[in-house]
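[1] sequence-free structure coming up:
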């Protein structure tokens, strides 16, 4: 006589295990696809790279205006603060773009310059181009400190200067 009860139990366990593996596999995929729905990571990378390229080919004493409507739209949908979308690290020579709440994309530029006075200009009422958001910044030449200035610097400031010393 065959033990039919044991066969049913093993079949049930096999189905439960397969279902659990399916759920463990599908949930991360659904989460990833949902997080990529508006392309925030792709647009972060695009803007960070393009701004870095512009900085690399620009000469000092250049003012730059870049249309950033798509970035501001994505950031507002994702409830990112408008003033946090674009940032520059002059110490690390990085452009930083943040369109998502808990993540950002940074891209290095190679030109030895300082980015100064960056801001995001929202359209003003009655403007010629009413729906254009622009990132504005100025590129200036990096000044190497004189030996006498270095004496007044703290240790952290000297470390931030790095190879320039």
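    In hand now; what should we look at? Fair warning: this is a prediction, and the values are worked out from it, not measured in the lab. Residues are numbered from 1 along each chain as shown.

[2] Could you use CA atoms for every contact and neighbour count after this?
    Fine.

[3] tally of neighbours for residue 136?
    By other C-alpha atoms under 10 Å, 16 other residues sit near residue 136.

[4] Tell me the buried residues in stretch 131-142?
    132-140 (16 or more other C-alpha atoms under 10 Å).

[5] likewise stretch 63-72?
    Neighbour-count burial for stretch 63-72 flags 63-66, 68, 71-72 (criterion: 16+ other C-alpha under 10 Å).

[6] Output these in TSV; the columns should cover pLDDT, distance to residue 16 and secondary structure.
    As requested, the buried residues of stretch 63-72 are exported to TSV (pLDDT from 0 to 100; distance: C-alpha to C-alpha, whole Å; DSSP: H, G, I helix; E, B strand; the rest coil):
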residue	pLDDT	distance to residue 16	secondary structure
63	93	63	strand
64	93	60	strand
65	93	58	strand
66	93	55	strand
68	92	50	coil
71	91	45	helix
72	90	46	helix
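
[7] any chance of these in CSV, with distance to residue 81 too?
    Compiled in CSV, the buried residues of stretch 63-72 are given as follows (distance: C-alpha to C-alpha, whole Å):
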residue, distance to residue 81
63, 24
64, 22
65, 20
66, 19
68, 15
71, 12
72, 9
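
[8] Which stretches in this structure count as strands?
    Counting by DSSP state E, the chain has these strands, from start to end: 62-67, 86-89, 94-100, 103-108, 113-121, 134-141.

[9] ok so, going back, please identify which of the buried residues of stretch 63-72 is nearest to residue 22.
    residue 71 (35.9 Å; C-alpha to C-alpha).

[10] thinking the closest one is in contact with residue 99, fair?
    Yes - if you go by C-alpha atoms under 8 Å, residue 71 and residue 99 touch, sitting 6.8 Å apart.
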